[in-house]
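J.: Got a predicted structure plus its sequence, pasted below:
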Amino acid sequence: MGAAHPTPDPSVASRRLKLAFGLCLAYMTVELVGGFLANSLALLADAGHMLADAGSIGLALFAARLSLRPPSKKLTYGYHRAEILAATLNAATLLAVGLSILVEAFRRLAHPPQVASGVMLAVAVPGLVVNLAMAAVLHGGGQKNLNVRAAFLHVLTDTLGSVQVILAALAMMWFGWAWADPVASMLLSGLVMFSGYRVLRETAFILMEGTPAQIDLDQLRQSLLAVEGVVGVHDLHVWLIASDFPACSVHLEVVNDTDGGLLSRVHSLLAREFGIHHATIQLERRREPSGTRLPRYPLE
């Protein structure tokens with residue numbers, strides 16, 4: 001039996017998250033103040049989404065720090081799953097925020113209040129710039145980390161939300177459409193809830209230990225069967241401990257005269273072709289009759 005146990009380095013993700021957290025928290029305060037001054041639900045909705053973003057990024061940073069802790073006797077995989085739990089909480093928060101915005105938007109649509117569209121526009125335009133800056137910070141290498149990806153999705157919906165707020169403010173300024181503010185809020189609530197749904201679906205899949213999307217299990221099985229000395233593969237499992245930490249366990253049937261380098265070849269194959277650096281492999285030796293050769297097919 002063999003196993004490889006390297007630990008992913010979350011430092012790059014943490015740096016991106018810290019910068020995005022600072023930008024998000026600062027402009028969220030501006031939007032909250034501007035929303036109250038303008039009496040704009042769309043602006044307050046966007047600020048609420050940014051509050052959810054700030055909370056999600058804060059949880060992601062906390063999870064990144066936890067993941068640095070070494071494994072213990074009680075938590076033999078360490079704290080890598082903290083990332084998944086944080087992302088699940090982030091998604092639930094987005095769903096709750098989106099629903100509350102939708103309820104208030106319907107109430108305001110029936111009786112549209114007076115909105116200071118000039119203040120609304122003055123706050124929304126810089127907000128769009130800040131959201132684009134945060135998207136640039138979070139985009140890139142950190143996208144392999146689920147919490148960075150979740151934060152990036154939040155920021156994308158914030159960016160679209162800022163565009164909607166700008167359009168709503170212009171509609172009220174130019175045409176006097178008081179309903180533009182609650183309608184923009186409804187659209188924003190849909191974006192918020194859809195973002196939460198996507199993240200929740202992904203975290204649920206990881207918690208159910210589903211096979212990672214980038215791993216073709218049939219191809220992995222065939223690649224293992226192609227390793228010299230391997231004559232059967234069964235009990236093959238691939239799952240994610242964290243979003244960027246795939247793991248594998250497998251039973252390999254090998255001939256009894258297999259050389260001692262087989263485990264090294266299998267670990268090298270898993271790391272090189274499938275990005276799996278944590279693997280537990282059980283060898284089951286089978287005697288090959290003299291003058292015959294066992295067929296290479298998976299034993300179920």
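T.: Yes, it's here. The structure presented is a predicted model; accordingly, all values stated were derived computationally and were not measured. Numbers count the residues shown, from 1 in each chain.
J.: Report all helices and strands that the helix or strand hosting Ala26 contacts.
T.: Taking DSSP states H and E as the definition, Ala26 sits inside helix 11-38. Using 3 or more CB pairs under 8 Å, 6 or more residues apart in numbering; DSSP states H and E as the contact definition, the elements that helix 11-38 packs against are helix 41-67, helix 117-138, helix 146-175. C-beta: built from backbone N, CA, C; applies to glycine.
J.: Go through the shortest one and flag the buried ones.
T.: In this case it means helix 117-138. By neighbour count on 16 or more other CB atoms under 10 Å, the buried set for helix 117-138 is 117, 119-121, 123-124, 127-128, 130-131, 134-135, 137-138.
J.: Deepest in the core, which of the helices and strands packed on helix 11-38 is it.
T.: Comparing those on average neighbours per residue, with mean count of other CB atoms under 10 Å, the densest one is helix 41-67 at a mean of 25.
J.: hmm, back to that, quick one: which of the buried residues of helix 117-138 is nearest Thr88?
T.: Nearest to Thr88 among these is Leu138, at 19.1 Å by CB to CB.
J.: State the distance from the closest one to Ala124.
T.: Note on Leu138: its distance to Ala124, by CB to CB, to the nearest Å, is 21 Å.
J.: which secondary structure elements does the longest strand anywhere in the chain contact?
T.: Looking across the chain with DSSP state E, the single longest strand is strand 230-242. Using 3+ CB pairs under 8 Å, 6+ apart as the contact criterion, the secondary-structure elements in contact with strand 230-242 are helix 180-207, helix 217-225, strand 245-255, strand 278-286.
J.: low pLDDT regions in this protein?
T.: Within the chain, the set of residues satisfying pLDDT under 70 comprises 1-13, 140-147, 150, 256-260, 287-300.
J.: per-domain residue ranges of it.
T.: Taking automatic domain parsing as the domain assignment, the record places the domains of the chain at 6-207, 217-286.
J.: quick one, what contacts Leu217?
T.: The contact partners of Leu217, by CB atoms under 8 Å, 6 or more residues apart in numbering, come to 211, 236, 238.
J.: same check, this time on Ala122
T.: Residues in contact with Ala122 (CB under 8 Å, 6+ apart) are Gly34.
J.: From Val238, how far out is it?
T.: Distance from Ala122 to Val238, by CB to CB: 52 Å.
J.: now Cys24
T.: The gap separating Cys24 from Val238 is 35 Å, by CB to CB.
J.: Mind checking which of these two has more residues around it?
T.: Taking neighbours as other CB atoms under 10 Å, Cys24 and Val238 compare with Cys24 leading, 28 against 21.
J.: Do I have it right that that one meets Ser56?
T.: No: Cys24 sits out of contact with Ser56 when judged by CB atoms under 8 Å, with a separation of 9.3 Å.
J.: Can you report how many residues lie near His277?
T.: Here the count is done by other CB under 10 Å, and His277 has 17 residues near it.
J.: For it, give me phi and psi.
T.: phi -110, psi -10 (degrees, to the nearest 10).
J.: ok, for Ala124, nearest residue in space, not its chain neighbours?
T.: Spatially, and ignoring its direct neighbours in sequence, Ala124 is nearest to Val165 (4.1 Å; CB to CB, 6 or more residues apart in numbering).
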